[in-house]
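Student: sequence and computational prediction follow.
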Amino acid sequence: MSWGPDLWDSYHTVVEHVAKGTTELVDVYGKFVKEKAELEKEYAKGLRKLISKYEPKKIKKKKENEESSENSCFRIFLVETGYQAGQHELLAEHLSKVVVK
């Protein structure tokens, strides 16, 4: 079947079929992105909760910069995890506000 001889009088039928398929696909993509945004938001919330749970208690130190290298590395790890949580929050916000309209 080719466009010329077989479908020359079915232009409107073909356009309606393509438009219907496009609408259905956009609906599926919209639902997917909405759910993904919700998951990203929940994941960011979970990361923030985890960080607050493991944040080392601040103890008065004898000297200003006296901290073990293990504690220093762990503190940096927590900060980086906080940055990751922020990125997930930004992604969730972007998906829900810009992509899903």
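Tutor: Sure, I can see it. Here the structure is a predicted model, which means the values were calculated and not measured.

Student: now residue 53: how far from residue 81?
Tutor: 11 Å (CB to CB, to the nearest Å). Using the backbone N, CA and C atoms, a C-beta is placed for each residue, glycine as well.

Student: more neighbours, these two?
Tutor: residue 81 (15 against 7; other CB atoms under 10 Å).

Student: what's the mean pLDDT across stretch 31-49?
Tutor: Taken as a whole, stretch 31-49 has an average pLDDT of 96.

Student: ugh, wrong one, stretch 78-91
Tutor: Mean predicted lDDT for stretch 78-91 stands at 97.

Student: for the remainder of this discussion, apply numbering that starts at 20.
Tutor: Fine by me, first position is 20 from now on; the one you just mentioned is stretch 97-110.

Student: which residues touch that stretch?
Tutor: 56, 59, 60, 62, 63, 66, 67, 69, 70, 73, 74 (CB atoms under 8 Å, 6 or more residues apart in numbering).

Student: next SSE downstream of the longest helix that the chain contains?
Tutor: Looking across the chain with DSSP state H, the single longest helix is helix 30-73. Counting by DSSP states H and E, the element after helix 30-73 in chain order, helix or strand, is helix 88-113.

Student: could you tell me the angle between that following helix and helix 30-73?
Tutor: Per axes from the mean of the first three to the mean of the last three CA atoms, to 10 degrees, the angle that helix 88-113 makes with helix 30-73 is 150 degrees.

Student: could you list the buried residues of helix 88-113?
Tutor: For helix 88-113, the neighbour count (16 or more other CB atoms under 10 Å) marks 101, 104, 107, 108, 110, 111 as buried.

Student: check stretch 28-42 too.
Tutor: So for stretch 28-42, nothing qualifies as buried (16+ other CB under 10 Å).
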